[in-house]
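Novice: sequence first, predicted coordinates after that:
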Amino acid sequence: MKLNHKPLSPARIEVMPLIDVVFLLLVFFIYAMLSMAVHYGQVVDLPSSSSATLEIQEAISVTIQDNNSEVLIFIGEESVSLARLVERLHDIKLKTMGTKEPEVQIFADKSVSYQELFKVMDCVKEAGLSKISLQAVAAKQGFESPDAVNP
């Protein structure tokens, strides 16, 4: 008895599903990296600046919030009084003594008074930290002062 066997086609790897899986993994990792964002502190309304850039290196995050009549200060997520700010910053500096001096990024709400900002900056300097940067959000298109008078 003679059986009719069709010749078997050679096995092949389907590339399209493989490409779909690779792109899915790529999107997942990109999204995961973007969600590991930089700032671990309190939410404040930052002023805008046309020269603001994203800082990538690790730094000490000091946040200043204006809560009606009182000013709240945070190092990362930890609430700190102005009197203990120097002590806490000095402790953090001692923990990172083996590496280079850490930078202090100050996130101050727009409504915080200039005097309060300088009190915090004085505490940072008193703790022995000299790399200080004030944070702002990038302005949309060009920088225009809110107090500017249009002719």
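Specialist: Perfect, thanks for sending it.
Novice: who does the longest strand anywhere in the chain pair up with?
Specialist: When the chain is parsed with DSSP state E, its longest strand is strand 59-67. Paired with strand 59-67 in the same sheet, following DSSP bridges, are strand 70-75 (antiparallel), strand 103-108 (parallel).
Novice: and those, which is most packed in?
Specialist: Mean neighbour count (mean count of other CB atoms under 10 Å) peaks for strand 103-108 among those, with a mean of 21. Heads up, the C-betas are built off the backbone N, CA and C, glycines and all.
Novice: after that strand comes which helix or strand?
Specialist: helix 114-126 (DSSP states H and E).
Novice: for that next one, list the C-alpha coordinates in CSV.
Specialist: Taking Å, rounded to 0.1, in the frame of the first residue of the first chain, the C-alpha atoms of helix 114-126 are listed here in CSV:
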residue,chain,number,x,y,z
TYR,A,114,13.5,85.6,50.4
GLN,A,115,14.5,85.9,54.0
GLU,A,116,13.4,82.3,54.8
LEU,A,117,15.3,81.0,51.8
PHE,A,118,18.5,82.8,53.0
LYS,A,119,18.0,81.3,56.5
VAL,A,120,18.1,77.8,55.0
MET,A,121,21.0,78.7,52.7
ASP,A,122,22.9,79.9,55.8
CYS,A,123,22.2,76.6,57.6
VAL,A,124,23.6,74.7,54.6
LYS,A,125,26.8,76.7,54.6
GLU,A,126,27.1,76.4,58.3
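Novice: and that helix, how far from the chain's centre?
Specialist: Mean C-alpha position of helix 114-126 versus that of the full chain (CA atoms, centre = their mean, to the nearest Å) differs by 21 Å.
Novice: which strands and helices sit next to it?
Specialist: Helix 114-126 sits against strand 59-67, helix 82-95, strand 103-108, strand 132-134, with contacts defined as 3 or more CB pairs under 8 Å, 6 or more residues apart in numbering; DSSP states H and E.
Novice: who does the longest one touch, helix- and strand-wise?
Specialist: Where contact means 3+ CB pairs under 8 Å, 6+ apart, helix 82-95 is packed against strand 59-67, strand 70-75, helix 114-126.
Novice: quickly run through the sheet partners of the helix or strand following the shortest one, with directions.
Specialist: Where DSSP H and E defines the elements, the next helix or strand beyond strand 70-75 is strand 78-80. According to DSSP bridges, the neighbouring strands of strand 78-80, each with its direction, are strand 70-75 (antiparallel).
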